[in-house]
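1. Here is a sequence with its predicted model. Questions after.
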Amino acid sequence: MSKADLSKQPAQVAAMFDQVSTRYDRTNNVLSVGNAALWRVATTRAVAPRAGETILDVAAGTGTSSASLARNGASVVAADFSAGMIDVGRQRQAGNPFIRFVQADAMDLPFDDDTFDAVTISFGLRNIVDPKKALAEFFRVVKPGGRVVVCEFSQPPLAPVRAGYSAYLKFGMPVLARVASSNPAAYEYLMESIQAWPDQRALAGWMREAGFERVAYRNLTAGIVAVHRGFKPERQAAPVEPVAATPAVDPQPEAPAEKPAAATKPKAAPKPKAAPTKAKPAAAKPAAAKPAAAKPASAKPASAKPAAGKPAAPKSAAAKPTTPKPAAPKPKRSTSAGSESRPASAGTAGSEESASTIPSEGE
């Protein structure tokens, strides 16, 4: 009888499962004290398979979980790297047209990108040498918008439950394994791998690192098992960032507002031109007596001083140029158009931590 160790060499793990394949389902029911069926139902609800969908069931074993996924008419590819498990599964699911068995390595799946509507794995991620690499493969083969569901042993959050569960793994499970299993030594590895496996938050973090969004988990049986779920982002989500950056273009419509402000200046400018035209006829009167004084009269500042008898006309002309000066505040109004200091709320998106659990319906 072979037993794998925590190095999780694929050949050792595959050989171990080959030896327990014939009595694997029965042993699971015994060791889980009947909870295995409940965990399978919760996982199926989290996947939420629909008729016509294509689902990849990794580490499918004998296909028990695959049969649950295919019950609603979904097409299921049951993948496992244990040839013994696949042989037993093909025999037991021979009459099910919705299940197809494929021998495959979870770290190097023989499928194209964006192939499956959903990918799921139950109690198999813990047995993979590099679980993060397997999660990256799940991300690759699932379609944009598709979901990935992982059901795995976990760490109970309550200390009393943790202590009781640890005692069961050390003392109770070996006794039951000797009774129900064809390879009791293999279940020593089961105990070791469960105790070495990270908690719920750590696995959720791995899924986010792989690229999944809306990652959440739900504890089953007081946290002895947890169902994790994440979604591959839609392809349309990538252009969202450029759209959020486009508010910077908003000031452009305000730019024409400066042009009307500039247009008001030429309107005020013709007024000084009208003043000299009136001054010419005024200068024509003294031209007969003092032609020399008439020429300085055209010069606004110089003629104003010697013309002691007629200062009123230059003063009125000087008052007219002062009237366009109030137009200077208008550019100040146009400078208020630079109100770009309102940045779009870019830091509030992606708060996935708020979804800490999957609802009981798995939706």
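-> That came through fine. Worth saying up front: this structure is predicted, and the values here are computed from it rather than measured.
2. Which residues does the longest strand anywhere in the chain contact?
-> Counting residues, the longest strand found in the chain (DSSP state E) is strand 142-153. With contacts defined as Cβ atoms under 8 Å, 6 or more residues apart in numbering, strand 142-153 is touched by 39, 42-43, 46-48, 56, 114-123, 125-126, 135, 138-139, 194, 197, 203, 207, 212, 224-235. C-betas here are computed from N, CA, C, even on glycine.
3. how about 7 Å then?
-> Strand 142-153 is contacted from outside by 39, 43, 46-47, 114, 116-123, 125-126, 138, 194, 197, 203, 212, 224-235, using Cβ atoms under 7 Å, 6 or more residues apart in numbering.
4. Ok, stretch 110-127 next?
-> 8, 13, 43, 47, 49, 53-59, 65, 104, 131, 134, 138, 140-144, 146-153, 193, 197.
5. export stretch 144-162 as PDB, just CAs?
-> What follows is stretch 144-162, C-alpha atoms only, in PDB (Å, rounded to 0.1, in the frame of the first residue of the first chain):
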ATOM      1  CA  PRO A 144     -15.000  35.700 -19.200                       C
ATOM      2  CA  GLY A 145     -17.800  36.100 -16.700                       C
ATOM      3  CA  GLY A 146     -17.600  32.400 -15.800                       C
ATOM      4  CA  ARG A 147     -17.300  31.200 -12.200                       C
ATOM      5  CA  VAL A 148     -14.900  29.000 -10.300                       C
ATOM      6  CA  VAL A 149     -16.000  27.100  -7.200                       C
ATOM      7  CA  VAL A 150     -13.500  25.400  -4.800                       C
ATOM      8  CA  CYS A 151     -14.800  23.100  -2.100                       C
ATOM      9  CA  GLU A 152     -12.000  22.100   0.300                       C
ATOM     10  CA  PHE A 153     -11.300  21.200   3.900                       C
ATOM     11  CA  SER A 154     -10.500  24.300   5.900                       C
ATOM     12  CA  GLN A 155      -9.800  25.600   9.400                       C
ATOM     13  CA  PRO A 156     -12.800  26.000  11.800                       C
ATOM     14  CA  PRO A 157     -12.800  29.600  13.100                       C
ATOM     15  CA  LEU A 158     -14.000  28.600  16.600                       C
ATOM     16  CA  ALA A 159     -11.300  27.300  18.900                       C
ATOM     17  CA  PRO A 160     -13.400  24.600  20.600                       C
ATOM     18  CA  VAL A 161     -14.500  23.200  17.200                       C
ATOM     19  CA  ARG A 162     -10.800  23.300  16.000                       C
END
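6. list the buried ones in it?
-> For stretch 144-162, the neighbour count (16 or more other Cβ atoms under 10 Å) marks 146-156 as buried.
7. which of those lies closest to residue 90?
-> The nearest member of those to residue 90, counting by Cβ to Cβ, is residue 151 at 22.8 Å.
8. what's the pLDDT at the closest one?
-> On pLDDT, residue 151 comes in at 98.
9. what's the burial count for residue 8?
-> Residue 8 has 16 neighbouring residues, counting by other Cβ atoms under 10 Å.
10. and it, helix, strand or coil?
-> Following DSSP: H, G, I helix; E, B strand; the rest coil, residue 8 is assigned to coil.
11. residue contacts, it?
-> If you count contacts by Cβ under 7 Å, 6+ apart, residue 8 has them with 127-129.
12. So for it, what pLDDT did the model give?
-> In this model, residue 8 carries a pLDDT of 70.
13. Ok, the one 5 residues further on next?
-> Taken from the predicted model, the pLDDT recorded for residue 13 is 71.
14. Next, find the distance separating it from residue 106.
-> Applying Cβ to Cβ, to the nearest Å, the value for residue 13 to residue 106 is 11 Å.
15. go on, residue 166?
-> Where residue 106 is concerned, residue 166 sits at a distance of 28 Å (Cβ to Cβ).
16. try residue 61
-> Distance, residue 61 to residue 106, using Cβ to Cβ: 13 Å.
17. And for residue 146?
-> Distance, residue 146 to residue 106, using Cβ to Cβ: 17 Å.
18. Run through who's touching the helix or strand harbouring residue 162.
-> Assigned by DSSP states H and E, residue 162 falls within helix 159-167. With contacts defined as Cβ under 7 Å, 6+ apart, helix 159-167 is touched by 155-156, 222-224.
19. Now do the contacts for residue 210.
-> Counting by Cβ under 7 Å, 6+ apart, residue 210 touches 132, 135-136, 139.
20. Next, format these as a markdown table and append neighbour count and secondary structure.
-> Shown next, in a markdown table, are the contacts of residue 210 (neighbours: other Cβ atoms under 10 Å; DSSP: H, G, I helix; E, B strand; the rest coil):
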| residue | neighbour count | secondary structure |
| --- | --- | --- |
| 132 | 14 | helix |
| 135 | 27 | helix |
| 136 | 15 | helix |
| 139 | 20 | helix |
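21. The following helix or strand past the helix holding residue 162 packs against which elements?
-> Using DSSP H and E, the helix or strand that directly follows helix 159-167 along the chain is helix 173-180. Here helix 173-180 touches helix 24-31, helix 186-196, going by 3 or more Cβ pairs under 7 Å, 6 or more residues apart in numbering; DSSP states H and E.
22. Mean pLDDT lowest where, among those?
-> Looking at the helices and strands packed on helix 173-180, the bottom one is helix 24-31 with a mean of 76.
23. what sits up against stretch 199-209?
-> 131-132, 135, 150, 152, 154-155, 215, 217, 226, 228, 230.
24. Residue ranges in the chain under the pLDDT threshold?
-> For the chain, residues meeting the criterion pLDDT under 70 lie at 1-7, 9, 12, 14, 18-22, 182-183, 236-363.
25. So which residues of it form strands?
-> Using DSSP E, strands in the chain cover 54-58, 75-80, 99-103, 116-122, 142-153, 213-220, 225-231.
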